[in-house]
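Trainee: Provide a 3D model corresponding to the input given below.
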Amino acid sequence: MHRRPETPTAVTASDTVTRSGPLTWVQQWHWFERTVPPARRVNPTPLADHCHVPPPATVADVHAALAALTARHEALRTTVDPLRPVQHVHRADWAPLPVDHLDVPVVDAATLEAATAALAARPIDPERNPPWLARVLLEAGRPRAVLIAAHHVLIDGWGLAVLLDQLHGQLRCAVAPLAASPHPLDALAAQAPARARAAEREWLMRLADNPTGVLTPFRGSGNGNGNGDGSGSGSEAGAGRHRLQHRSADAYHDVHRVARRHRVSPEVVVLAALAHDVATRTGELRFLASVVVSNRARAALRTGVGVRALTVPVQIDLRPGAAFGEVVASVAAASAAAYRHGQWRPAELVAAQARMDRRRGVLSVPALEYNCYSWPRDYLVPGYPALAQHPAPDGSAGWLRSAPDEPCDTLYVDLALDTGAVTLDVTVGDHLLDAAQAAALPVRLCALLRALAGGAGCPVPARPLAPAAPGWWRAPQGWVRPAAVEEVLRGHPGVLDVTVAPGGGTTGADDGPYLVARARTAPGVTPEDLHRHVLDHLDAAPGVLAPGRYVLSPVGHPPHRSTTATTGTRTLRVPRRPPVTGAERALAEAVAAVTAVAPDGPPTDSPDVPGGRARPDGPDGPDAVDLNRCLAEHGVTLLAVPPLLALLHRSGLTGIAPDDLTGTASLGRLAATLEPLPPRAHRGGGTSP
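Mentor: Now for the predicted structure:
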């Protein structure tokens, strides 16, 4: 029987707050991410895991242990403001423990998996209630396991593991009374703006210096349906993403043998194996990995549950024929160099990257995302039906797959070294890897580790094992699909026909290879119009890149004068456009309002950074807002997105998701997607004004 959970009562009285302060830079990303539609998030929210209850502990003991942990960890009693990056720490008794109980016939692995997924599916409101939930599994009336789900804005994966370890220790009576642990508010003084600016400059330079779309041209069938059976529609954008989990007991011993041989950590070995696999498949020897670091250098921080993990840019540089020993040494050195950049401001960096991307005319994302604390450990992120388990032929491992949802442009691999087993969680868009290839990736990595443990050198191949799909071209910025650029350009009014093809020579910086768009257009269409249109649609499909030259042939011009002079993007100056329509005016007013107070600190990017520039001043009013520029070019960062959406909502407009506001789309394109809020009915049946 499922007992009704004891729902915590929302407590908003200020007398329960013991202290308040801004969110740390680390927390700011998750504070923004909580506003993104769940299907479009990459990080699971909430996180969830479990621990067993040692006998003879009782339900009362579980409640007492959770109360003690709540008193120790301020993060367990912290709430966040919905529109400002502020957090409030409450008294230990400010709300009932968010605990319920579930009677089950038996507490086995399948039950734990299903129950943990069900708890993770329950929403957590970190604005009014404790940022965690607990569920006690009862077998024959005795507690056998405790499940905990935590909201990522206040507790990260490391913190959840610490919380469960301390809970288990309390139940075993194996630990002394717990002392207070550091809270994210205690870390505010250690946030050095100069260090953050250096890290952000490093990120921007790495993103600008690496090819984009490394994985996309090397997908398998390319059918886009995620089935790998050739039955898809042929869509290049793909239908969604796959989330897979693979476990292997054999790989656990293999990775440790290889790590001891090369005197590096097991985590570095797995990242090196992943880099080796990407280079083998694609032939790209230089690409960027975004690697999560815990930022818990001091011992006192290792027992705290607050959010501290951020990512660093690890530069992968390999050479053909390099044995794996050289690969792992290169990855280890690059990781050590990147760890210096483990402190940056997501709110500022995301805006700086959007400005850089719009200026370069290409979306720059890392080829890999690597996390050394796997999620989820015993279940897949809930909310995706048709979960199915498929045992490996040798019985040593298995993998889970979920139905695809929203696509993603990066390969995410999370590693967990559980007791006696390696767990690899893979999240990937099906336009990068179809279902069969996504399932094969962790199996292939484990096979590589087995060969390495046996003494094989496994050199990096001189040529890619998978040829690039037809229709892709390796531009200086990365891989581009001219047909996708043509499709975007045809969507601009007045474009009658267009052909996009590589052009330019190979001598001199100004004569390098670039894309040339040759278009037959209606009179009045300019290269600036087409360039702005492409910048607005860089996220339309994989492989879109702004052409370096535009050659227009207006209809009705004499043949000998029908072609305009070739125009390079470096000389294009898209004219300013003020707001005109009601939706544009409302968006401009919201932008002017959120940028009226300039963000703290100096600009994150500068002219000496590739794609960089000084941060523009906030507009003086709605008439100063340029609809041909993106939000980031107006100085809008992640921290301004929630209040901006609230202002649009107050104006009666909706239709924009929070992550839509972080890209390169111009305000004009965003305003075109706005739509009126649907009328709300009063309880008496009438409609609100």
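Trainee: Poorly predicted segments of the stretch 101-250 of the chain, please.
Mentor: For the stretch 101-250 of the chain, residues meeting the criterion pLDDT under 70 lie at 174-177, 220-239.
Trainee: Tell me the secondary structure of the nearest residue to V53 once chain neighbours are set aside, please.
Mentor: With sequence-adjacent residues excluded and distances taken as CB to CB, 6 or more residues apart in numbering, V53 is closest to P143, at 4.4 Å. Heads up, the C-betas are built off the backbone N, CA and C, glycines and all. Recorded secondary structure, P143: strand (DSSP: H, G, I helix; E, B strand; the rest coil).
Trainee: Please tell me how far P143 sits from H52.
Mentor: As defined by CB to CB, to the nearest Å, P143 lies at a distance of 10 Å from H52.
Trainee: who's more crowded, the two?
Mentor: For P143 versus H52, neighbours defined as other CB atoms under 10 Å are more numerous around P143 (23 against 16).
Trainee: What's opposite the more buried one in the beta bridge?
Mentor: P143 has these beta-bridge partners by DSSP bridges: L138.
Trainee: Tell me how far it lies from G213.
Mentor: The gap separating P143 from G213 is 51 Å, by CB to CB.
Trainee: again with N371
Mentor: From N371 over to G213 the distance is 22 Å, taken as CB to CB.
Trainee: for A484, same thing?
Mentor: According to CB to CB, A484 stands 11 Å off from G213.
Trainee: All the helices of the stretch 1-150 of the chain, residue numbers only.
Mentor: 25-33, 59-72, 109-121 (DSSP state H, counting those that start in this stretch).
Trainee: what's the last one packed up against?
Mentor: In terms of contacts (3 or more CB pairs under 8 Å, 6 or more residues apart in numbering; DSSP states H and E), helix 109-121 is packed against strand 47-52, strand 132-139, strand 142-150.
Trainee: now swap in the shortest one and tell me
Mentor: Contact partners of helix 25-33 among helices and strands, from 3+ CB pairs under 8 Å, 6+ apart: helix 346-360.
Trainee: by contact count, what packs against the helix it packs on?
Mentor: For helix 346-360, the packing partners by 3+ CB pairs under 8 Å, 6+ apart come out as helix 25-33, helix 193-209.
Trainee: Run through who's touching whatever helix or strand comes next after it.
Mentor: Scanning forward in sequence from helix 346-360 by DSSP states H and E, the next helix or strand is strand 368-371. Strand 368-371 has contacts (CB atoms under 8 Å, 6 or more residues apart in numbering) with 42, 157, 271, 274-275, 278, 287-292, 311, 314, 316, 410-415.
Trainee: Please list the members of those residues that lie in strands.
Mentor: 287-292, 311, 314, 316, 411-415 (DSSP state E).
Trainee: Helix, strand or coil: sort out the closest residue to S265 other than its chain neighbours for me.
Mentor: Of all residues not flanking S265 in the chain, A259 sits nearest, at 6.2 Å (CB to CB, 6+ apart). Under three-state DSSP, the three-state class of A259 is helix.
Trainee: Comparing A484 and G213, which residue is more hemmed in?
Mentor: Counting neighbours by other CB under 10 Å for A484 and for G213 shows that G213 has the greater number, 28 against 21.
Trainee: just the helices in the stretch 201-350 of the chain please.
Mentor: With DSSP H, counting those that start in this stretch as the criterion, the stretch 201-350 of the chain has helices at 249-262, 266-282, 324-338, 346-360.
Trainee: so V350 sits right up against L638, yeah?
Mentor: Yes. Contact between V350 and L638 holds when scored by CB atoms under 8 Å: they sit 5.5 Å apart.
Trainee: what do the two both touch?
Mentor: Counting by CB under 8 Å, 6+ apart, the common neighbours of V350 and L638 are T662.
Trainee: Look at the two and report which has more neighbours.
Mentor: A count of neighbours by other CB under 10 Å puts L638 above the other of V350 and L638, at 25 against 20.
Trainee: residue contacts, that one?
Mentor: So L638 contacts Q28, W29, F32, P346, A347, V350, A351, T662 (CB under 8 Å, 6+ apart).
Trainee: and the fifth one, what pLDDT?
Mentor: Read it as A347. A347 is assigned a pLDDT of 94 by the prediction.
Trainee: Longest helix in this structure, please.
Mentor: helix 435-453 (DSSP state H).
Trainee: Show me what it is packed up against.
Mentor: Judged by 3+ CB pairs under 8 Å, 6+ apart, the packing partners of helix 435-453 are strand 241-248, helix 249-262, helix 266-282, strand 397-401, strand 421-429.
Trainee: The same query, at a cut-off of 6 Å, please.
Mentor: Packing contacts for helix 435-453, counted by 3 or more CB pairs under 6 Å, 6 or more residues apart in numbering; DSSP states H and E, involve strand 241-248, helix 249-262, strand 421-429.
Trainee: and those as TSV, adding distance to H90 and mean neighbour count?
Mentor: Output for these, formatted as TSV (distance: least, CB to CB, whole Å; neighbours: other CB atoms under 10 Å):
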stretch	distance to H90	mean neighbour count
strand 241-248	35	25
helix 249-262	42	19
strand 421-429	33	24
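Trainee: of the ones you listed, which approaches D529 most closely?
Mentor: strand 421-429 (30.8 Å; CB to CB).
Trainee: neighbours around P527, how many?
Mentor: Around P527 sit 24 other residues, with neighbours defined as other CB under 10 Å.
Trainee: go on, the one 3 residues further on?
Mentor: Taking other CB under 10 Å as the criterion, the count of residues near L530 is 25.
Trainee: Okay, and it sits in which element?
Mentor: Per DSSP H and E: L530 is located in helix 527-536.
Trainee: coming back round to it: quick check, the residue nearest to V53 in contact with P56.
Mentor: No. With contact defined as CB atoms under 6 Å, P143 does not count as touching P56 (10.1 Å).
Trainee: which residues in the stretch 501-650 of the chain form helices?
Mentor: Under DSSP H, counting those that start in this stretch, the stretch 501-650 of the chain gives helices at 527-536, 582-594, 641-650.
Trainee: now the first one: mean pLDDT?
Mentor: If you average the pLDDT over helix 527-536, you get 95.
Trainee: Give me the buried stretch members for the longest helix of the chain, please.
Mentor: Residues of helix 435-453 classed as buried under the neighbour-count rule (16 or more other CB atoms under 10 Å) are 435, 437-443, 445-450, 452-453.
Trainee: Out of those, which comes closest to V480?
Mentor: Set against V480, the nearest of the buried residues of helix 435-453 by CB to CB is Q437 (22.1 Å).
Trainee: any idea how far R91 is from that closest one?
Mentor: From Q437 across to R91, the span is 52 Å (CB to CB).
Trainee: Dump stretch 35-55 to PDB, keeping only the CA atoms.
Mentor: Taking Å, rounded to 0.1, in the frame of the first residue of the first chain, the C-alpha atoms of stretch 35-55 are listed here in PDB:
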ATOM      1  CA  THR A  35      13.100  27.100 -15.900                       C
ATOM      2  CA  VAL A  36      13.900  25.100 -19.000                       C
ATOM      3  CA  PRO A  37      11.200  22.600 -20.200                       C
ATOM      4  CA  PRO A  38      12.200  19.200 -18.700                       C
ATOM      5  CA  ALA A  39      12.500  17.500 -22.100                       C
ATOM      6  CA  ARG A  40      15.100  20.000 -23.100                       C
ATOM      7  CA  ARG A  41      17.300  19.700 -20.100                       C
ATOM      8  CA  VAL A  42      20.500  17.700 -20.100                       C
ATOM      9  CA  ASN A  43      21.100  17.500 -16.400                       C
ATOM     10  CA  PRO A  44      18.500  15.500 -14.500                       C
ATOM     11  CA  THR A  45      16.400  17.500 -12.100                       C
ATOM     12  CA  PRO A  46      16.000  16.200  -9.500                       C
ATOM     13  CA  LEU A  47      19.000  13.900  -8.900                       C
ATOM     14  CA  ALA A  48      18.000  10.700  -7.000                       C
ATOM     15  CA  ASP A  49      19.700   7.700  -5.400                       C
ATOM     16  CA  HIS A  50      19.300   5.300  -2.500                       C
ATOM     17  CA  CYS A  51      21.000   3.600   0.400                       C
ATOM     18  CA  HIS A  52      20.100   0.400   2.300                       C
ATOM     19  CA  VAL A  53      18.900   0.600   5.900                       C
ATOM     20  CA  PRO A  54      21.100  -1.600   8.200                       C
ATOM     21  CA  PRO A  55      19.200  -3.700  10.800                       C
END
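Trainee: Understood, closing this out.
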